[in-house]
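Peer 1: how does the following fold in three dimensions:
(chains A, B, C and D)
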Protein chains: 4
Amino acid sequence: MAMTGVLRPGHVQLRVMDMAEAMAFYKDVLGLVHTGTDDSGRAYFKTWDERDHSSVILRQADRAGLDHVAFKVRDAAALDTLESALRAYGVVTERIPAGELLETGERVRFQIPTGHLVDLYARKTDVGNGMPYVNPAPWTAQSEHGMGPLRMDHLALAGPNVADAVKLFEEALDFYVTERVLAGDGVSDLGVFLTCGNKVHDIAFVALTAEPGKLHHVAFLQESWERVLRCADIFGMNEQAVDMGPTRHGVSRGTTVYGFDPSGNRIENFCGGYMPYPDYRPITWTFDQAGAGLLYHYRTLAKLSDALT
Amino acid sequence: MAMTGVLRPGHVQLRVMDMAEAMAFYKDVLGLVHTGTDDSGRAYFKTWDERDHSSVILRQADRAGLDHVAFKVRDAAALDTLESALRAYGVVTERIPAGELLETGERVRFQIPTGHLVDLYARKTDVGNGMPYVNPAPWTAQSEHGMGPLRMDHLALAGPNVADAVKLFEEALDFYVTERVLAGDGVSDLGVFLTCGNKVHDIAFVALTAEPGKLHHVAFLQESWERVLRCADIFGMNEQAVDMGPTRHGVSRGTTVYGFDPSGNRIENFCGGYMPYPDYRPITWTFDQAGAGLLYHYRTLAKLSDALT
Amino acid sequence: MAMTGVLRPGHVQLRVMDMAEAMAFYKDVLGLVHTGTDDSGRAYFKTWDERDHSSVILRQADRAGLDHVAFKVRDAAALDTLESALRAYGVVTERIPAGELLETGERVRFQIPTGHLVDLYARKTDVGNGMPYVNPAPWTAQSEHGMGPLRMDHLALAGPNVADAVKLFEEALDFYVTERVLAGDGVSDLGVFLTCGNKVHDIAFVALTAEPGKLHHVAFLQESWERVLRCADIFGMNEQAVDMGPTRHGVSRGTTVYGFDPSGNRIENFCGGYMPYPDYRPITWTFDQAGAGLLYHYRTLAKLSDALT
Amino acid sequence: MAMTGVLRPGHVQLRVMDMAEAMAFYKDVLGLVHTGTDDSGRAYFKTWDERDHSSVILRQADRAGLDHVAFKVRDAAALDTLESALRAYGVVTERIPAGELLETGERVRFQIPTGHLVDLYARKTDVGNGMPYVNPAPWTAQSEHGMGPLRMDHLALAGPNVADAVKLFEEALDFYVTERVLAGDGVSDLGVFLTCGNKVHDIAFVALTAEPGKLHHVAFLQESWERVLRCADIFGMNEQAVDMGPTRHGVSRGTTVYGFDPSGNRIENFCGGYMPYPDYRPITWTFDQAGAGLLYHYRTLAKLSDALT
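Peer 2: Have a look, this model is predicted:
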C-alpha cells in the first residue's frame, strides 16, 4: 500500500487541573467540539474537521501534562505488525482493551525512552465533520467557533534520551526525520522532527530537560496565516497573552502562535509548512542558528518561555 | 514503512507547438526553473521548491497534450514490486533505460485504460530547491519569479474507460479515492479523484471524452489564496485571460485558477484542500450538484471551457 | 478643515419585493445588524463595524432598485453650504425633515441628471460598533455572522447623462474623479469613479442604459481577499450562484465578488483598492481594455451579467 | 472641497550614519525606489506605488534620527492659508525655497512643541508609480523587490509637551484624534494618534522621553497580513532580528512588524486599520490596558524595545 502502518497522531490525553475551566477553554476558546464524557470523568473533544470521535481527551489531575499520545494505524493487521516490530525492537508492549476510551478500539501501549506513553490503535468511530459525505460545503459555522483548528496536528515532547526515542520511531514505527536542530555540542540534537506521512512533522522531540515525559506543546492546524492572526486575537479577546507569535518557524517554514490552556499546557496553532516525502534529505539547523530555526524572525531561543508540563 | 510504493506524481512530459514560446511561458509566466535541455530538444523544468531535477518536460510536436505522466516511487525495490503487481494485474509493462530523460533513473512504463502512458521511476537527481540543507530560508527570490508554484501537484486526465483506470490505480498501485462526481446516469463517474499519500488528489480522471489520452489540466501548488490571486493577476499582466477563477472547488475544497499555456494545455494553480488519509470515507457529489462540485461559487459546469489537449 | 463637506455614502434605501425574504438575506447571508423598523415598515440595517444607526434601509415595493442614496456631511454648517452650492449650480433642492428616517437628521434632497435621488444629511445617531470606545477588541463575533462586511462602501449607478452627473458631483459636491473607462466612441465615458475622501471610489456612474435611476450595484467592504473568498463560499452554502468573482477589478485594483439579493439587487463585496488623494491624476481605461478594467482576469465585459434594478 | 488643507505625510528626512549601508537597506531590504541624490549627498527614495518624487530622504550624520517630516497640502493656496493659521496660532514659520529638496516646491517650516521640525509643501513632481496612467496593471515587479511597501504611511514622534503638539495639529492644521492611550496618571496621554484624512493615523505622538525631537518609528504601508509576514521573513533572510511582530496593534487594529535600519531608526511595516472620519468619536485606551493597546497579543509594553533615535 502507498500508506501503511502508522497514519497520524490520533489523540492526546492531557491532564488539566480544573475540568470546568479546561472545558470552557477547549470548547469555546480553542473551539473544539465536545463529543462525550466517560464514566471516569474524562472529556472528549475533536476539531470541527476531524472525522474520528476524539483527538483531545482531558483528564482532571493535580498537575498538568500529557498522559499519553496515540497514533492511528491503517487497520487491525497493521496494529499487529507494528506490535511485532516493537517487540522485535525490544520494546515491551501491552494491550489496552477497546472501549477503555470512548469509541476507540484496542490499543497497543508502550513507553518510549523519553518517558512518554505512546499508544497505537486501528479503530475510532467516524462521527463525521459536521458535513455530509455527499455534496459537502467547504466549511461549517463550527469552523469559526473559537480558534476552530482543522485538526490536532502534532506534538513536541521533552525528556531525556531523545536520540533513543528518535531511533525507535524511525526503526520500529517507520517514521522519517524531516529536520533536526543541533545542540551546543554540535553532535547531539536539541530537537528532532519526524513524520509518518506527508505532514512536515507528526511528532517532535526536544532535549530541554532530563525529566521524563514532559510536554512542550500540542499543535493544532490552521488553514491560513490569517487564521493564525485570528487565534492570537482570540487569546487577546480573552485577555490572555500569547506565549509567542504570530511568527514563523525556520524549522518546517510553518507559521505559528503559542499560548497556554488554563492549566499551563502549551497549545500551538500552526499553519503551513512544506509537504515532505520519504525521499527528502533532512534539513539541519546548526546550534548557532537554533534561534532562527525555532523563531525565524526573532532569531533567538531567549524569546520562548521555558514552560514544560 | 509508513509510506511505501508510489510517492507522488514526479513529472509530466507535455507537447508544445512552439518551443521558444512555450519556454518563455513556463519560465517567466508560470515561473519554473529551467534545469536542462536534452539532445532531442526536450526542455526540463522544476518548480522553485521541488528538489528533484525536473517535473515538467516540454517536447515540441504538432499538437499539444500529454506524452506521459511519471510517478516517483520509494526506491528501486518498490519499482520492482510495483511492476510485478502491474503484471499480476494484467498490465503490459516495459522498461525505459535510465538516462532516456536527463537525471532520471530507469522507468517502468505502461498504458492505462484511458489511453494515457504512465511511468514509474525510483530515481531522479536531487538538485535542491535553491536553499542549503543547512539553515535554509523559508523561500527564495525564485518563488516570486512568475507564478512561482511550490510543486507540480496533480493531473486531470480525460479519456474512455475511467472506471477501469481508477480500478487499476486502486488495485495495482494502491491509490485510494478521495472524491467522486457522479455522471448523469447516477451510477458511473463523471470524475474520480485519487491519491497515493496525503494530498487531496495526486491524479483525477474525468469522463469528458471517448478520445483516449487527453489532458484536462496539469496543476501546480500555490501556498495561499493570495498567491492564487497573484497567478490570476500575472495572467492579466500578460494580457491573457484566465479560463476560470480564482474560485473554489467543491471537490477537494481547494482554491484554483485555470489558464492555458501558449499551446492550449490547461494549467491550474491550486491551493489548499484538506489532507486525506486512507481511512477516510470518500466524498460523493451527485450529478445535480456537479457544478457546485467543480466550481463551488458558480455552481454550473457551463462556466468551464471544454478544451482538452 | 482637512476633511470638510461630504464625508461618505451614509445609507442607501433599497426596494425589495418580499420583505421577509430580504430581511433574512441582509441579516443572515450578508450579515448586517438589524437596527430598527419604522412605522412604514422599512427595515434598517448597519454593518457590524459602522457606528451610525443605519446604512441599508429596505422598503417593500413591487420592483427592486434604489430609492435614494444619502451622503453624510461634516456638520449642519456643511449641509447648508452644500445646499447653497447645489442651488448656485442650478439644482433644485428640498428639505426632508429629521425623523423621516429613524435616527437620522434633516436631509437635503435633489435629483441628479442620471435620474437618481441623492440626499445629504449631517446627523445620524452613533449606536456604536458593538465594542466600547474604551479598550475595544479588534473585531466581534458579529463580524463573522454571514458575510459580515466592514461598511457599506460605494454604489454604482446607471442611467443617462453620466457626464452631467459627474460634473455635478465634481463642481457642486467637490468629489474628484479617480478613474474613468472610455466608451466605444473614445470620447465619452462608459464608467466614471469618484470619491470625496480617500476611498478609491465613493460612487460610480455607468453609461449602460438610457433608463433613469437604475442601480448597478451596492458595494460592501471586506477586510481581506480571504474574506472575499468567504463571501463567495457563503453564496455557495446558500445554494446561490455568484454573479462574478472572486476576482480583481482593473479599475481601483480592488478585489470583488458580485451576487444578488433575493429581489435581484446586485451586491458587491469589495476589498482593497489603493487610497487616492485629490492631487492624484485620474487613471483612464481605453475602450479596448474596458474588459480588463472591469474584470482584470477575464478581460471581457461579456462575463458580467447585464442585470440592473 | 471635500479634502482641503493638509493631505498626508509626504516625506521624512532621516539621518543615517553610513550612507552606503543605509542606501543598501532602503533600496534592497525595505525595497524603495532610489529617485535621486542631491548635491549635498542626500539620497531620495519613494515606495513603488507612490507617485510623487520622494517620501524618504536620507542624510548622512553622526547620529540617527529625524531631521524633519513634511506634509503635502492641497495646493499653493492651502499652503498660504495654513501658514496664516499657524501664525495666528502663534507659531513662527519660515519659508524654505523650492528646489532645496529635489523636485519639491517651497516649504513652510515650523517647530512643534515636542521639538520636531515640520514642513508643509504643495508641490512635488509626479514621477508615477511605474505604471502608465492609461490601463495600468495592479502592481509591478518593483512591488516585490524587498519589502516593497505601498507608501510611507505615518510617523510616531517622541518628545516633551505632547499635549501641546496635539493641540497644534488639531487647531492649526485641522487634524483630528482617532485614538489615545492614557498615561499612568489617568489624565495625560502616553500616546495620541491623529489623522488629516481617512487613514487611521497620519502622525502619532508618544510621551516616552523629555528629550525633544526624537523618532519612535516611521511606518510604511503593506497591502496584507501576508505581506507583513513577508517583511518579517525578509528581516530574517537578512539575518536581522525583528524588534517586534508580526502582531496586531490594539490601537488602530492594524497589523505590524517593527525592525531597524542599520543606523537604528525604527521602521514599521503596517497593514490595515479601520478608516476613520472626522465624525468618529475617538477611542481611549486606559493605562492598565496600554500593553494591549500597543501589542494586542502580548498585552504588555515590556515587549517593545525602548529605542528612540
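Peer 1: what residues sit buried inside stretch A:102-116?
Peer 2: Residues of stretch A:102-116 classed as buried: A:102-116 (neighbour count, 16 or more other C-beta atoms under 10 Å in any protein chain shown). All C-beta spots, glycine's among them, are computed from the backbone N, C-alpha and C.
Peer 1: and the average pLDDT for that stretch is what?
Peer 2: Throughout stretch A:102-116, pLDDT has a mean value of 98.
Peer 1: same check on stretch A:38-55?
Peer 2: If you average the pLDDT over stretch A:38-55, you get 98.
Peer 1: and it, how far apart are its ends?
Peer 2: From its first residue to its last, stretch A:38-55 covers 15 Å (C-alpha to C-alpha, to the nearest Å).
Peer 1: do it and chain C meet at all?
Peer 2: No - counting by C-beta under 8 Å from any C-beta of the partner chain, chain C has no neighbours in stretch A:38-55; the shortest distance is 13.8 Å.
Peer 1: tell me the buried residues in that stretch?
Peer 2: A:42-55.
Peer 1: how about stretch A:160-177?
Peer 2: Of the residues in stretch A:160-177, those buried by neighbour count under the rule 16+ other C-beta under 10 Å are A:160-163, A:165-166, A:168-169, A:172-177.
Peer 1: which one of those is nearest chain D?
Peer 2: A:Val177 (23.4 Å; C-beta to the nearest C-beta).
Peer 1: helix/strand/coil for A:Lys199?
Peer 2: Using DSSP: H, G, I helix; E, B strand; the rest coil, the three-state assignment for A:Lys199 comes out as coil.
Peer 1: and it, how close does it get to D:Asp52?
Peer 2: A:Lys199 sits 48 Å away from D:Asp52, going by C-beta to C-beta, to the nearest Å.
Peer 1: over to A:Ala290?
Peer 2: 45 Å.
Peer 1: helix, strand or coil for the nearest residue to A:Val69 once chain neighbours are set aside?
Peer 2: Leaving out its chain neighbours, the residue that sits closest to A:Val69 by C-beta to C-beta, 6 or more residues apart in numbering or on different chains is A:Val12, at 5.0 Å. Counting by three-state DSSP, the backbone at A:Val12 sits in strand.
Peer 1: what's the local residue count around A:Lys27?
Peer 2: Residue neighbour count, defined by other C-beta atoms under 10 Å in any protein chain shown, stands at 16 for A:Lys27.
Peer 1: surely it is within a helix?
Peer 2: Yes - counting by three-state DSSP, A:Lys27 falls inside a helix.
Peer 1: name the helices or strands packed onto whichever strand or helix holds A:Val257?
Peer 2: Assigned by DSSP states H and E, A:Val257 belongs to strand A:255-260. Judged by 3 or more C-beta pairs under 8 Å, 6 or more residues apart in numbering or on different chains; DSSP states H and E, the packing partners of strand A:255-260 are helix A:225-237, strand A:244-248, strand A:266-271.
Peer 1: got the residues of chain A near chain C?
Peer 2: Within chain A, the positions near chain C by C-beta under 8 Å from any C-beta are A:137-139, A:144, A:224, A:226, A:233, A:236-237.
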